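A.B. asks: My questions are about this predicted structure, shown below with the sequence.
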Amino acid sequence: MLDAGLFMTVGYTVPDYELLRCIGRGAYGEVWLARSNATGVLRAAKIVWRRSFDDERPFQREFEGIQRFERISREHLSQLALFHIGRNEVEGYFYYLMELADNLGTAEGYAPRTLRADLQHGRLPAERVLEIGLALTEALGHLHGKGLVHRDVKPSNVIFVNGGPKLADIGLVTDTGDTRSIVGTEGYLPPEGPGTLQADIFALGKVLYEAATGLDRRQFPKLPPDLRSWPDAGHVLELNEILLKACATDPRQRYAGAESMLSELELLRNGTSIKSKRAWNRRWAFGRKAGVALVALALVAALVSVLPRQKMRSESSSDGAPSTNMEANALCVRGMYILRGDNYVEFAAAYTNFNKAIALDPNFARPYVGLLELRLREACPSIPPTTPEDMSAIARHLEELAPHSAPAYCAESIVNWSEWHYPEAARYVQEAIAADPKYELGHTWYGFMLTIWGWPEQGRKQLEIARSIAPSKVTIYRCLGQTYYARRDYTNAIAWYLTALKWEPHNAPAFMMIAQAFQALGDYTNAIDNNEKDELLWSADQSETTQRYAAIRRELGKGGIAGYWQDQWKRTEEHPNSDFYHKAVVQIHLGNTNAAMNWLEKAYETREHTGTSFQPSLSYLYFHDYWDGLHENPRFRKLLDKIGYTKVIPPPKK
């Protein structure tokens, strides 16, 4: 029973609920026990004060994070369910109602059961830690799959609802990669800071370390001196193998995503030794480096001498050699079927299949080939956004598992492209084509780069080779359209983009490219229509997107093209610390060259990346028509040189 004498009255209200007593406080607000006036149901109410923030924007960002999370909070049982969000502009706070944690049943009345409270009594058994790890990793995987990160995973933010662990303090949830405000708790933050998928994984690893060992997270990776005497010592050591990877100092050594960590936790639950798997991987890697494969080479040589007339297939095709694990092979075959068929509505399944195959056989190259293709060119809302770290991890694995394959060279080319090492990017893709002239992605990627660098005719030749290999591949048609855009032949560019949509009507980037071409033609009505179609394919709130574009059309109708760009500028002010490239685009259309250059230089200084891509926002600086009038501008030319463009673009016209 709850002690009515402990209830308090407060100076603020939550409609339809009575606030009973404060049950928690944090840096940004308070959590109250709340009772529904209509049903008597108890909830937790979080009150977030405007006065807790230095200025309006961080406060607004936290509110927007809650709005984004509310839409997905009831989709998955692993998430903490939100029931209502509201805002009191007069008093300066917003609030949200959520599931209530289990009651510890203390003498003082209600107290939420958190993992921190459980750990006050000592460490937990390894099997219990494994259960908690599985639940929380699944929750992070779902959150990350929606493009959100938590940013403050710690024991006091893990609550138990009906006995199951859930991530609380979801007020810190934000868009993937949002590091604009330093949040989180010391000791759980990775060296690179919060705001990424891998930062959440790092923090979760530290939480599980504390739960399994009873040590403070700052002592990681130390193990208790008496561990060997524990009855579950073997299980703790197995779990520790996973935690060492989750909490690696170098993010490249961590799990690429929550799905990979979840897969290993599931393997451990099913009795697979993670320590043995790691040891086998190390021995295999050492054996390859030490030349153990000479025995295999001798066998191959003997076979060739016996069958001299039979054409030998390469050690591995462009997709890599098959796995000895039949389930991993099956998952990969299904993923490749979805991917190669451009079945966009099933890309999430392909992404899951590739990651499951990797978890079953980490030495299997083919799923990394699938992830390379999926992450490089198949931008769609059903898979997590691709970061530079994602591409680097894929390249590293392919280099280890299939070092002389076309995909490995292609991955190295992509990584060099994203780091503005353009000549190296060209060299690696040429090696990919030499390794396998029938590797379609090699030709497509090379054709794309040549086009972006100002060589559309040469790019089209590569793309036509790619089309002869894969005549229904949607990306190839988009890239062929880009070769005409690069020539400023926007009509033919649109025709090719429409061909891409004929093959796959859910291809969001094609709509975005059509919009760019119509805008270059001065047809802003069609540009806005196609931009809206692009965003609707990504949008979690289609009504909000539709309303926003209705407002944009009204501005175009009132003020014409100038009014449209003035409205666009007002919208950029909602994101003061990002979208620098877009701000530059708006300013150049408003006729403000110096302001545009200032924003471009800001994008360079911050190494800004596009919102859903591993590519720096300045990757298209020579390609987009907006900058045609600046090609001889000294500041623009200097920026091209800094990026490395002047090493690959055509020489200036005399």
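C.D. replies: Perfect, I can see it now. Numbers count the residues shown, from 1 in each chain.
A.B. asks: Show me what the longest helix along the chain packs onto, helices and strands only.
C.D. replies: Criterion DSSP state H: the longest helix present in the chain is helix 542-572. Judged by 3 or more Cβ pairs under 8 Å, 6 or more residues apart in numbering; DSSP states H and E, the packing partners of helix 542-572 are helix 524-538, helix 580-589. No exception for glycine: its C-beta is placed from N, CA and C like everyone else's.
A.B. asks: Let me see the domain layout of the chain.
C.D. replies: 4-98, 115-272, 575-654 (automatic domain parsing).
A.B. asks: can you pull out the helices in the stretch 51-200 of the chain?
C.D. replies: Assigned by DSSP state H, counting those that start in this stretch, the stretch 51-200 of the chain shows helices spanning 56-72, 115-119, 126-145, 197-213.
A.B. asks: Between those, which one is closest to Tyr620.
C.D. replies: For those, the distance to Tyr620 is smallest for helix 197-213, at 25.5 Å, taking Cβ to Cβ.
A.B. asks: Contacts for the helix or strand following the closest one, please.
C.D. replies: Remark: after helix 197-213, the chain's next helix or strand is helix 233-246, criterion DSSP states H and E. Applying Cβ atoms under 8 Å, 6 or more residues apart in numbering, the contact partners of helix 233-246 are 126-127, 129-130, 133, 201-202, 204-205, 208-209, 212-213, 220-221, 223, 227, 230, 253-255, 261, 264-265, 268, 273-275, 278.
A.B. asks: Next: stretch 496-513.
C.D. replies: Identification of contacts with stretch 496-513 by Cβ under 8 Å, 6+ apart yields 342, 344-345, 379-381, 472, 474-475, 477-478, 480-482, 484-485, 493, 514, 517, 530-531, 533-534, 537-538.
A.B. asks: Could I get the CA-only coordinates of it as CSV?
C.D. replies: Output of stretch 496-513 as CSV, limited to C-alpha atoms (Å, rounded to 0.1, in the frame of the first residue of the first chain):
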residue,chain,number,x,y,z
TRP,A,496,16.8,8.4,-66.3
TYR,A,497,15.6,9.1,-62.8
LEU,A,498,12.1,8.2,-63.8
THR,A,499,13.4,4.9,-65.3
ALA,A,500,14.9,4.1,-61.9
LEU,A,501,11.5,4.6,-60.4
LYS,A,502,9.9,2.4,-63.0
TRP,A,503,12.0,-0.4,-61.6
GLU,A,504,11.5,0.5,-58.0
PRO,A,505,8.8,3.0,-57.1
HIS,A,506,10.0,3.2,-53.4
ASN,A,507,13.4,4.5,-54.4
ALA,A,508,13.5,7.7,-52.3
PRO,A,509,16.8,9.1,-53.6
ALA,A,510,15.4,9.1,-57.2
PHE,A,511,12.6,11.5,-56.1
MET,A,512,15.3,13.7,-54.4
MET,A,513,17.3,13.8,-57.6
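A.B. asks: and that stretch, which residues are buried?
C.D. replies: 496-497, 499-501, 503-504, 506-513 (16 or more other Cβ atoms under 10 Å).
A.B. asks: Report pLDDT for the residue positioned nearest the centre of the chain.
C.D. replies: Nearest to the mean C-alpha position of the chain, by Cα atoms, centre = their mean, lies Pro385 at 3.5 Å. Pro385 is assigned 71 on the pLDDT scale.
A.B. asks: could you say which helix or strand contains it?
C.D. replies: Taking DSSP H and E as the definition, one finds Pro385 inside no helix or strand.
A.B. asks: Isn't it up against Leu148?
C.D. replies: No: counting by Cβ atoms under 8 Å, Pro385 does not reach Leu148; the two are 10.8 Å apart.
A.B. asks: Export the helices and strands packed on helix 542-572 as TSV, with columns for mean neighbour count, mean pLDDT and distance to Tyr645.
C.D. replies: TSV is the format used below for the helices and strands packed on helix 542-572 (neighbours: other Cβ atoms under 10 Å; pLDDT from 0 to 100; distance: least, Cβ to Cβ, whole Å):
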stretch	mean neighbour count	mean pLDDT	distance to Tyr645
helix 524-538	18	89	26
helix 580-589	22	94	15
